[in-house]
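[1] here's a sequence, model it:
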Amino acid sequence: MKSRDAALDGVRALAALGVWLLHVGSNTGVMYRDGMYAWLMARLGIAVPIFFLLSGLLLYRPWARAVIENTARPRPLPYLWRRVLRVMPVYWLVTALALWAWSGLDWAGRLKWLLLLQNYFPGDPTPDGLYQMWTLPIEMAFYVTLPLLAWLLDRWARRGGNRPVRLLAGIAPLPLVSVASVMVARLGDRPEVGLWLPYHLVFFACGMAMAVLSVWLRESRVVDALAPQLLVLAFLLYALLSTGLAGPRELTLPTLGQSLFRLSLETAVAVLVVAPFALAPREGTLRHRLLGNPVTAYLGRISYSFFLWHAPVITLQLKLTGAQPFQGDFPSVAVVSLIVTLLLSVGSYHLVELTALRLSGRRRAPAPLPAAREAAPAAPAG
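    The predicted model follows:
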């Protein structure tokens, strides 16, 4: 159980580093150069679907267990209170500093950002150093929606028959909401829909389905036996994702076909990356030793702070060096931003995040990614 927890922490750590590398590459212009390396870097946004899938897996698992094993269901209000204390304090710290340093927004605009409402006002400018924060309103929308989804699935599954199967059947239609949202965004010329939960619901739904399987099957021998092949397949699909078939690298909007293709590939890659660790937690395997070592596990625990700090640090570094847009020095930006962000993340994790966890009623701070049998939800980091 401990190994599985550590390995999932390692997955989160690698995803957080992927987001950081994506933004170093974009701010220095490396991401927009010719060659496959640049394209592979441009698709490191795959970390976001992985984070969303992990949220669905970890947060829904107690509800899935309640249905399958007849255990107590989580109470919505304490659950939401823990979510707020887990996510908001360090978010307020980083966002308030960035708004104070670089934002020209009025008090109403600043309030939108502090309340995670920025995605619902697409015409407002994005302050410097906060361009990565678009994922958090989506996460928070899922947090708020999950108790209702879980209640509906609970009632559906308890009507009779095989409860795990009925849960999976109830989750199955949720990806269609994402498909419909993509169609609205592209055919209706409504790009702001891409900043809302329905557009990304497929990733959360896959995590919820994986939560059901992790409770139902405990450990899948098939997934364990095929884990190396699944991870290789994930890389091959990521390489396919890193082509023009999935849309442009620039801010130009993709076509409907490109958007659906990208959504499908991102879903497949996220599932293939997480499944070997969530559904086959066999201690001692190479994959667990690589991602479950103390270094990567600790990086996974501080990954939320790392995600919040890395963009303001990159922004400050570029401003201090006077670098022109998309023309910064990649090696120096990468090295300095990584070191500074890690130091800030360690500080905010221990001083802010753990303090908030204690206020939420937890006697000891769990790792952001819990073990299979004792799910404890984690903060977002993507």
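
[2] below-threshold pLDDT in the chain: ranges please.
    1-5, 362-382 (pLDDT under 70).

[3] tell me how far the residue nearest the centre of it lies from Ala356.
    In the chain, the centroid-proximal residue (Cα atoms, centre = their mean) is Phe51; its distance is 2.0 Å. Separation of Phe51 from Ala356 (Cβ to Cβ, to the nearest Å): 19 Å. Every residue, glycine included, has its C-beta placed from N, CA and C.

[4] C-alpha coordinates for stretch 70-83, CSV please?
    What follows is stretch 70-83, C-alpha atoms only, in CSV (Å, rounded to 0.1, in the frame of the first residue of the first chain):
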residue,chain,number,x,y,z
ASN,A,70,-21.5,-0.8,2.1
THR,A,71,-19.2,1.5,4.0
ALA,A,72,-20.1,5.0,5.2
ARG,A,73,-20.5,7.6,2.5
PRO,A,74,-18.5,10.8,2.7
ARG,A,75,-20.5,13.8,4.1
PRO,A,76,-20.6,16.5,1.5
LEU,A,77,-20.1,19.5,3.7
PRO,A,78,-17.0,18.2,5.5
TYR,A,79,-15.7,17.0,2.2
LEU,A,80,-16.1,20.5,0.6
TRP,A,81,-14.6,22.2,3.6
ARG,A,82,-11.5,20.0,3.3
ARG,A,83,-11.3,20.8,-0.4
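
[5] ok, now which ones touch Thr217?
    Careful, residue 217 is Leu and not Thr. Leu279 (Cβ atoms under 8 Å, 6 or more residues apart in numbering).

[6] how near is it to Leu187?
    39 Å.

[7] over to Met88?
    Taking Cβ to Cβ, one finds Met88 at 36 Å from Leu187.

[8] between the two, which one's more packed in?
    Met88 (18 against 9; other Cβ atoms under 10 Å).

[9] secondary structure element holding the more buried one?
    helix 76-102 (DSSP states H and E).

[10] name the helices or strands packed onto the first helix or strand past that helix going along the chain?
    Counting by DSSP H and E, the next helix or strand C-terminal to helix 76-102 is helix 107-114. Judged by 3 or more Cβ pairs under 8 Å, 6 or more residues apart in numbering; DSSP states H and E, helix 107-114 is in contact with helix 76-102.

[11] in the helix it packs on, what's buried?
    79-80, 82-83, 85-91, 93-95, 98-99, 102 (16 or more other Cβ atoms under 10 Å).

[12] let me know the secondary structure of the residue of the chain most remote from its centre.
    Distance from the centre of the chain peaks at Gly160, with 34.0 Å (Cα atoms, centre = their mean). What DSSP: H, G, I helix; E, B strand; the rest coil gives for Gly160 is coil.

[13] phi, psi of it?
    Main-chain dihedrals, Gly160, degrees, to the nearest 10: phi 140, psi 170.

[14] how far away is it from Arg166?
    8 Å.

[15] what about Pro198, how many neighbours?
    For Pro198, using other Cβ under 10 Å, the count is 20.

[16] let me fix that, I meant to ask about Leu17.
    18.

[17] which residues touch it?
    Leu299.

[18] Arg282 contacts Ser220, doesn't it?
    No - Arg282 lies out of contact with Ser220 (Cβ atoms under 8 Å); the separation is 10.1 Å.

[19] which one of these two has more residues nearby?
    Using other Cβ under 10 Å as the criterion, Arg282 and Ser220 rank with Ser220 on top: 19 against 15.

[20] nearest residue to that one in space, please, no chain neighbours.
    Leu279 (4.5 Å; Cβ to Cβ, 6 or more residues apart in numbering).

[21] which element is Pro122 on?
    Secondary structure (DSSP H and E) places Pro122 outside all helices and strands.

[22] how near is it to Leu77?
    31 Å.

[23] cool, Arg33 as well?
    Where Leu77 is concerned, Arg33 sits at a distance of 50 Å (Cβ to Cβ).

[24] again with His310
    In terms of Cβ to Cβ, His310 sits 33 Å off from Leu77.

[25] same deal with Tyr143?
    12 Å.

[26] same question for Val19.
    Counting by Cβ to Cβ, the gap from Val19 to Leu77 is 32 Å.

[27] then Val94?
    27 Å.

[28] mind telling me what element the closest residue to Arg190 other than its chain neighbours is part of?
    Distances taken as Cβ to Cβ, 6+ apart place Val184 nearest to Arg190, at 5.8 Å, with adjacent residues excluded. Here Val184, judged by DSSP H and E, is contained in helix 174-187.

[29] in that helix, what counts as buried?
    Quick answer for helix 174-187 (16+ other Cβ under 10 Å): Leu174, Pro175, Val177, Ser178, Val179, Ser181, Val182, Val184, Ala185, Arg186.

[30] what would that helix look like as PDB? C-alpha coordinates only.
    C-alpha atoms of helix 174-187 as PDB (Å, rounded to 0.1, in the frame of the first residue of the first chain):
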ATOM      1  CA  LEU A 174     -20.200  11.300 -18.900                       C
ATOM      2  CA  PRO A 175     -17.600  11.500 -21.600                       C
ATOM      3  CA  LEU A 176     -20.300  12.300 -24.100                       C
ATOM      4  CA  VAL A 177     -20.700  15.600 -22.300                       C
ATOM      5  CA  SER A 178     -17.100  16.400 -23.300                       C
ATOM      6  CA  VAL A 179     -17.800  15.500 -26.900                       C
ATOM      7  CA  ALA A 180     -20.800  17.700 -26.900                       C
ATOM      8  CA  SER A 181     -18.800  20.600 -25.400                       C
ATOM      9  CA  VAL A 182     -16.100  20.300 -28.000                       C
ATOM     10  CA  MET A 183     -18.700  20.500 -30.700                       C
ATOM     11  CA  VAL A 184     -20.300  23.600 -29.100                       C
ATOM     12  CA  ALA A 185     -16.900  25.200 -28.700                       C
ATOM     13  CA  ARG A 186     -15.800  24.600 -32.300                       C
ATOM     14  CA  LEU A 187     -19.100  24.700 -34.300                       C
END
